[in-house]
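Peer 1: Mind folding the following:
(2 chains)
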Amino acid sequence: MLSYILRRLLLALGTAWAISVLAFIIIQLPPGDYITTYIAQLAADGTTVSDAEAAALREQYGLDQPIYVQYAKWMGQVMRGNYGMSMEWGRPVADLIGERLWLTVAVAIAAIIFTWILALPIGVYSAVRRYSLGDYVFTVIGFLGLAIPNFLLALALMYFGYVFFSANIGGLFSPELVDAPWSGAKLWDLIQHLPVPAIVLGVAGTAEMIRVMRANLLDELNKPYVKTARARGLAESRVILKYPVRVALNPFVSTIGYLFPYIVSGSIIVSLVLGLPTVGPLLLRALLAQDMFLAGAIVLMLGIMTVIGTLISDLLLMWVDPRIRMGAR
Amino acid sequence: MADIPLAPDAATTPNRSAGKVLVASQWQLMWWRFRRHKLAMAGTVVVLLFYVVVVLADFLAYSDPNSSEAFRSLLPPQPIHFFDQGTFRPHVYGLVGERDPATFKRIYVPDPENKIPVGFFVPGYSYKLFGVIPTNIHLFGALEGRTEDSIFLFGTDVQGRDIWSRLMVGTATSLTIGLAGVVVSLFLGLLLGGISGFYGGWVDNVIQRVIEILRSIPTIPLWMGLAAAMPRDWSVIQIYLAITLIISVIGWTELARVVRGRFLSLREEDFVMAAELAGCSRMRIIFRHMLPSFFSHIIAAVTLAFPAMILSETSLSFLGLGMRPPAVSWGVLLQQAQNVQAIAISPWLLIPAIPVILVILAFNFMGDGIRDAADPYS
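Peer 2: Numbering: from 1, shown residues only, chains lettered A, B, ... in the order given. Okay, here's the model as predicted:
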């Protein structure tokens, strides 16, 4: 069991490292370096930068050194919590990302909770009442949920909200609370705004999860132990909920691992449509403006978040399913 | 499925003798089973129709997709009237521009008096059919006056470009990018998945870890980062190839997983051992004995990989990081529908969303059907 945890931790570290390299590549990819862009920007504002100042800046960011040294330096800075300056905003990257990162996580978690709350009962229903009208209805809705890209769903919801309720259903806060400091009222406001993004982001995952739950439960329902339970006169609800559902629950835990990156990834594009103050719009702006330190830091942070999410789901799964503990090499 | 090993579709075709089933080839059995899956058949037909559009895109369009004109900006969709006083004479009503007396906005009203006849095989803008034959004949268009100024089947966008025509051309772009992405992913997946499954050991370990790492990275931020690095002055073709590669970065992992799984399970089969004992070479074992028995599974995985590819391109272009004008793709078209106000005023800008959803559904149904039919002996 300990070796399993250790293996997972090592893998998580490896993934985190790979993500940091990818983030660094993204920073490095555009032609020219950060200082050239920076100087060009200052020149546009009417400030001239002398060669000595440029050289000093290059030295400060270590841009005159070989690429692996630059990577090591950047990582060193990141480890100490210094993500560099955003050139577009002229503020430290950490300040810009701060709250937005937590809101991204809040949206992702809301979407996962939505997925679970909906997929679990529907999956059980579809398996127990197989080929009933309800089963077919959910299957059709499920297929549609898989086929509609989430940003289109967001657009459609916005449109209907606008046409039928003449309300803006986007955003995460009411206009009067956007700039307010955190308080109970603001938190409540946030919770009230979460359902729409949660539905948009969760629908595809829910459809997938219903299918998995249905298939797993159908396999379990045919096993002899269910028959035994019935033969012993247990109430039907107890027969189903007590054992087969518990076994079929595994995928719910094991899929957080890839559900989480998937939802975070989707939230980037959905945030743009719904106008959510997550890191999504910030990342897009940063990339379009070639504000590479900001973009790199966002990709890195999102990656690390998903690594942690995956790790937690793996450990949860190990706790839920003893067979995985046994099977651990 | 253990009850029907010999007669996969005896129920639907009672006149087919059991003997025919016994001597039928693997592909024949798969086809019989696939055919029973009604949704999968419907999906296949829809997918084929979409690829017909891809091949004939310019022929089906009637207006030059990049011909913009301010005076026909944001025209609503215009129905074609097929009958004129009882006789079949397709026509559209000409539009008359007016000022809304209340808002002073320019609005267009159809004028039933001004009937513009619509005909088939009408000359229009020049293009190359199948990329080689220069022609200017289109499936349909206005018989009098310029088609560009007369027919707006799905309305026009802000720049006054015809949405139907752009949709046809955009379909070609989006679906070929999907195809190219799948081909690249398939190549990588077969190669790396095959190596991983066939050799096992540390090679397998390394490739599996790489796959796990790639799959745990949020894809859209990664793609956005890579796509944003494309130089601004790249040509449409260069961007096209770059996007294909970018969406394949993640796409190959799923295919590699399927291929590896198949290799692992087949390696233990008796017929592989028999071939080895008979002195077959490695290559012969792989290509003559192993590949045919999991080829169908790969086709299923490939079909199911399509929707993700198409969606990736659409999302990237929608964000403005993928294909860029003058290129036309579904994502580029949907960019016009990015904010609610635009859609509320002109809902037809959302029409390009319909083919996206249709084609994804169709590929999913088709893939499900192939997956169920992939193993005809089960």
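Peer 1: Residue A:95: how many residues sit nearby?
Peer 2: Residue A:95 has 12 neighbours, counted by other C-beta atoms under 10 Å in any protein chain shown. For every residue, glycine as well, the C-beta is placed using N, CA and C.
Peer 1: Pretty sure residue A:273 sits in a helix.
Peer 2: Yes - assigned with DSSP: H, G, I helix; E, B strand; the rest coil, residue A:273 falls within a helix.
Peer 1: how close does the closest residue to it other than its chain neighbours get to residue B:43?
Peer 2: Distances taken as C-beta to C-beta, 6 or more residues apart in numbering or on different chains place residue A:154 nearest to residue A:273, at 4.2 Å, with adjacent residues excluded. Taking C-beta to C-beta, to the nearest Å as the measure, residue A:154 and residue B:43 are separated by 26 Å.
Peer 1: neighbour count winner among the two?
Peer 2: The neighbour comparison of residue A:154 against residue B:43 (other C-beta under 10 Å) goes to residue A:154, with 27 against 24.
Peer 1: any idea which helix or strand comes after the host helix or strand of that one?
Peer 2: Element membership for residue A:154 (DSSP states H and E) is helix A:150-164. Once helix A:150-164 ends, the next helix or strand along the chain (criterion: DSSP H and E) is helix A:184-193.
Peer 1: how about residue 92, what does it touch?
Peer 2: If you meant another chain, say so; for now it's chain A. A:82-86 (C-beta atoms under 8 Å, 6 or more residues apart in numbering or on different chains).
Peer 1: oops, I was thinking of chain B
Peer 2: Counting by C-beta under 8 Å, 6+ apart, residue B:92 touches B:78-81, B:115-116, B:118, B:142, B:150-151.
Peer 1: Longest strand in chain B, by number of residues?
Peer 2: Counting by DSSP state E, the longest strand found in chain B is strand B:106-129.
Peer 1: Give me the sheet partners of that one and which way each runs.
Peer 2: strand B:87-99 (antiparallel), strand B:133-142 (antiparallel) (DSSP bridges).
Peer 1: Those strands into JSON lines, with extra columns for mean pLDDT?
Peer 2: Converted to JSON lines, these look like this (pLDDT from 0 to 100):
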{"stretch": "strand B:87-99", "mean pLDDT": "75"}
{"stretch": "strand B:133-142", "mean pLDDT": "77"}
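Peer 1: Point out the one among those that comes closest to residue A:215.
Peer 2: Ranking the strands paired with strand B:106-129 by distance to residue A:215, with C-beta to C-beta as the measure, places strand B:133-142 first at 44.5 Å.
Peer 1: Now stretch B:263-276: average pLDDT?
Peer 2: Mean pLDDT, stretch B:263-276: 83.
Peer 1: residues of it that come out buried?
Peer 2: For stretch B:263-276, burial by neighbour count (16 or more other C-beta atoms under 10 Å in any protein chain shown) applies to B:263, B:266, B:272, B:275.
Peer 1: who touches it?
Peer 2: Contacts with stretch B:263-276, where a contact means C-beta under 8 Å, 6+ apart, come from B:193-194, B:196-198, B:200, B:284-285, B:288-290, B:293-294.
Peer 1: show me the contacts for residue B:367.
Peer 2: For residue B:367, the contacting residues are B:300-301, B:303-304, B:306, by C-beta under 8 Å, 6+ apart.
Peer 1: Mind telling me what element it is part of?
Peer 2: Following DSSP H and E, one finds residue B:367 within helix B:353-373.
Peer 1: how many degrees apart are that helix and helix A:150-164 in direction?
Peer 2: Angle between the axes of helix B:353-373 and helix A:150-164 is 140 degrees (criterion: axes from the mean of the first three to the mean of the last three C-alpha atoms, to 10 degrees).
Peer 1: List the contacts of the closest residue to chain A within the stretch 51-200 of chain B.
Peer 2: Nearest residue of the stretch 51-200 of chain B to chain A: residue B:174, at 12.1 Å (C-beta to the nearest C-beta). Applying C-beta under 8 Å, 6+ apart to residue B:174 gives the contacts B:310, B:313-314, B:329-331, B:356.
Peer 1: hmm, try it at 10 Å
Peer 2: Applying C-beta atoms under 10 Å, 6 or more residues apart in numbering or on different chains, we find residue B:174 in contact with B:50, B:54, B:309-311, B:313-314, B:317, B:322-323, B:328-333, B:352, B:355-356, B:359.
Peer 1: List the buried residues of whichever helix or strand it is part of.
Peer 2: Per DSSP H and E, residue B:174 falls inside helix B:163-199. For helix B:163-199, the neighbour count (16+ other C-beta under 10 Å) marks B:163-182, B:184-186, B:188-190, B:192-198 as buried.
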